[in-house]
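# Sequence below, structure please.
(2 chains)
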Amino acid sequence: MEEKKVEEQGCVIWITGLPASGKSTIAEGVKKQLRARGLKVEVFDGDEVRKNLSKGLGFSKEDRDTHNKRVIYVCRLLTRNGVNALVSLISPYRSTRAYARVQLPKFVEVYLKCSLEECKRRDPKGLYKKALAGEITNMTGIQDPYEEPLTPEVTLNTENDSPQRNVKKVLEKLRNLGYIN
Amino acid sequence: MNGKKVLVIGLDCAPPELLFNGFIDDLPNLKKLLQHGVHARMKSTHPPITIPAWMVMATSKSMGKLGLYGFRHRKPGTYNEIWLANSYSVKEKIVWDILGDRGKKVIVVGVPPSYPPRPVNGCLISCFMTPSTEKDYTYPKELKQEIENLVGEYIVDVVFRTEEKDQMLKQLYDMTEKRFKVIGYLMKNKPWDFLMFVEIGVDRIHHAFWKFFDKQHHLYQPRNKYENVMKEYYQFVDNEIGKLLKLIDKNTTVIVVSDHGAKRMTGAFSINEWLIKKGYLVLKKSPKKIVSVQEAEVDWSKTKAWGWGGYHARVFLNVRGREPQGIIDPKDYKKYRNRLIADLEAIRGPNGEEWDTKVYTPEQIYPDGKGDYPDLTVYYDDLRWRSAGTIGYASPYLSENDKGPDDAVHSHYGVFVLYDPNKKEGKRIGDISILDVAPTILEIMGIPVPLDMEGKVVKEAL
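So this is what the prediction gives:
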């Protein structure tokens, strides 16, 4: 398959952050805004993608890397056909996100900054509770590290700022980069 | 990202034996880097050859992943057709691409293969493979005029397999002087966060003058007029490096590297002459003069294997369905290959002495290899004997290279020196891999190392 010129390719908005930092909310908000502009958008959200792409894989570094690499590969296929991809994954390791960056020509790293305390307080899926009780292991933020991005394109304060405001910030960045009008 | 800069000084072919020991006391600038920095032997590629070693270093991807196995590659399904590597053969991201994508300004000079010049976020001058300086050899294109205003005709390489030693030396100094002048100019006049250059002259002086310097070389003559030429050239390069070091600040880390090492050549061994003797290669007619296997009248319908010359031998099998007149049944491929490996490993020297010959299959050295690799890679007596591809000799043992005078061969270890001006204590650390250079550069500059880089950050050096 012939690759499109970079200008014609879709972009990848890679949303990374601790569990319960608000990734799905931001992805949903950005998706609506992009679709409202008539753009093709596909969303890759944690559990759903795992179920379909990586059933059987766990949460060790190796398994996470494998899972993320698969998502990156699918993103590459989509974006070279002009589809934008919104990826909402914890993706805790810098090396994984750096790999996504070299693989995907129009890559926008969006870091959701939210304190571990606040994430634990939110805990919509009860994962922190389970991890603290020792019922699950390899939980990012509890047993496993989260490596903050060093130079993301966008940093969102999801602890204090509203989702609307944060979605707007992402769109502004996409406009500045020339990826949307 | 942290605002740090990196200057990479590439000395093609510089071996640790000369840079860490032999010449170092006469190289004050490099000695300073060693004394106050961290240095190590650096394991090169399999085989240790300029192309693709520099790109393995600059991408942290193995040869198999790059699909590059040398300068020349056999076109699949042919006996005599080849394709040559160039800058566009490198499909993986190079460290300066990754840096450029993050907004870092880069300067790249002479890193092979970099012809034709590909766009970078800064400027680039292509390498020794540039066919002529009449071609465009810079990015951006206009840089060429700036260079020529500065030094006149820029020189990318010298003819080094020649008996005209004085002329070669003059050209060599001319080339190196101009290159360093250009690099100094770029350092002063262009913005840069990362600068990498390769001086190919170091490789050329080894190949052209090793026998005059190395008392153990079989062609060494005492008190010859070129005895000190190699050391003097190293001193010249060291002095030029000293000038560049005056241009950097405390924020700049300096890395000195070579793509592989060098050692004296003991002789050349005609792979095809030997294959003929062993019955693997069959000619319709013996040549009356020395010819390449491509020029010879090979009876492909009876030939099982043929080889290429170089610092190592590349051997190809004539497989049915793969080669035009292949005769080895694919199901017998491993059987024939194993027999050939055993025969190659049993080769002894001209006086019956044992050789430390190493023979590698692609599965061993390119486990996930793609592209056009040979069926076998052979190091005669661990590379002390180079491979001659030509035939028409009475014996396969030749005292000189078949393609012009060449006194040195490559060795497995190059050099790595890392100097951070803010640190004072120098030390030697254990061997590192050529794959480790790119991740280390990214780490220094505060850029995450992509998951698929095969090397690791040399933490002991930071």
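
# and the gap between A:Ser115 and chain B?
With distances taken as CB to the nearest CB, to the nearest Å, A:Ser115 is found 22 Å from chain B. Yep, even glycine has a C-beta here, placed from its N, CA and C like the rest.

# just A:Ile72 next, same as before
Applying CB to the nearest CB, the value for A:Ile72 to chain B is 9 Å.

# After the helix or strand hosting that residue, heading C-terminal, what element do we hit next?
Assessed by DSSP states H and E, A:Ile72 sits inside helix A:61-79. Per DSSP H and E, helix A:61-79 leads on to strand A:84-88 as the next helix or strand towards the C-terminus.

# what about that next one, near chain B?
No: remark: strand A:84-88 sits outside contact range of chain B, by CB under 8 Å from any CB of the partner chain, the gap being at least 15.2 Å.

# Equivalent analysis for stretch A:138-146, please.
No: judged by CB under 8 Å from any CB, stretch A:138-146 and chain B are separated, with a smallest distance of 13.6 Å.

# Convert that stretch to PDB, retaining C-alpha atoms only.
Backbone C-alpha positions of stretch A:138-146 (Å, rounded to 0.1, in the frame of the first residue of the first chain) are rendered in PDB as follows:
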ATOM      1  CA  ASN A 138       1.000  -4.500  38.200                       C
ATOM      2  CA  MET A 139      -1.300  -1.500  38.800                       C
ATOM      3  CA  THR A 140       0.300   1.700  37.500                       C
ATOM      4  CA  GLY A 141       0.800   4.200  40.300                       C
ATOM      5  CA  ILE A 142       0.700   1.500  43.000                       C
ATOM      6  CA  GLN A 143       3.000  -1.400  42.100                       C
ATOM      7  CA  ASP A 144       4.200  -0.200  38.700                       C
ATOM      8  CA  PRO A 145       5.800   3.100  37.800                       C
ATOM      9  CA  TYR A 146       4.200   5.800  35.600                       C
END
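
# Quick one: name the residues of chain A near chain B.
Contact residues, chain A versus chain B (CB under 8 Å from any CB): A:65, A:69, A:93-99, A:101-102, A:150-151.

# Let me know the closest of those residues to B:Val90.
Using CB to CB, A:Val102 is the member of these that lies nearest B:Val90, at 13.4 Å.

# neighbours around the closest one, how many?
Residues lying near A:Val102 (other CB atoms under 10 Å in any protein chain shown) number 18.

# so it makes contact with B:Lys93?
Yes: between A:Val102 and B:Lys93 there is a contact at 4.7 Å, judged by CB atoms under 8 Å.

# Give me the common contacts of these two.
The contact sets of A:Val102 and B:Lys93 overlap at B:Pro450 (CB atoms under 8 Å, 6 or more residues apart in numbering or on different chains).

# Convert the helix holding A:Ile72 to PDB, retaining C-alpha atoms only.
C-alpha atoms of helix A:61-79 as PDB (Å, rounded to 0.1, in the frame of the first residue of the first chain):
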ATOM      1  CA  LYS A  61       6.100  -4.300  31.100                       C
ATOM      2  CA  GLU A  62       6.600  -6.800  28.300                       C
ATOM      3  CA  ASP A  63       2.900  -7.400  27.800                       C
ATOM      4  CA  ARG A  64       2.100  -3.700  28.000                       C
ATOM      5  CA  ASP A  65       4.800  -3.000  25.400                       C
ATOM      6  CA  THR A  66       3.400  -5.700  23.100                       C
ATOM      7  CA  HIS A  67      -0.100  -4.300  23.500                       C
ATOM      8  CA  ASN A  68       1.000  -0.800  22.800                       C
ATOM      9  CA  LYS A  69       3.000  -1.800  19.800                       C
ATOM     10  CA  ARG A  70      -0.100  -3.400  18.300                       C
ATOM     11  CA  VAL A  71      -2.100  -0.300  18.800                       C
ATOM     12  CA  ILE A  72       0.700   1.800  17.300                       C
ATOM     13  CA  TYR A  73       0.700  -0.600  14.300                       C
ATOM     14  CA  VAL A  74      -3.000  -0.200  13.800                       C
ATOM     15  CA  CYS A  75      -2.700   3.600  14.200                       C
ATOM     16  CA  ARG A  76      -0.100   3.600  11.400                       C
ATOM     17  CA  LEU A  77      -2.500   1.800   9.100                       C
ATOM     18  CA  LEU A  78      -5.300   4.100   9.800                       C
ATOM     19  CA  THR A  79      -3.400   7.400   9.700                       C
END
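
# can you give me the helices for the chain?
The chain I'm using is chain A. With DSSP state H as the criterion, chain A has helices at A:23-36, A:46-53, A:61-79, A:94-103, A:116-122, A:127-132, A:163-176.

# You answered for a different chain; I wanted chain B.
Remark: helices assigned in chain B by DSSP H are B:16, B:28-36, B:50-59, B:63-66, B:95-101, B:143-151, B:165-189, B:201-213, B:229-245, B:271-277, B:333-345, B:362-365, B:437-444.
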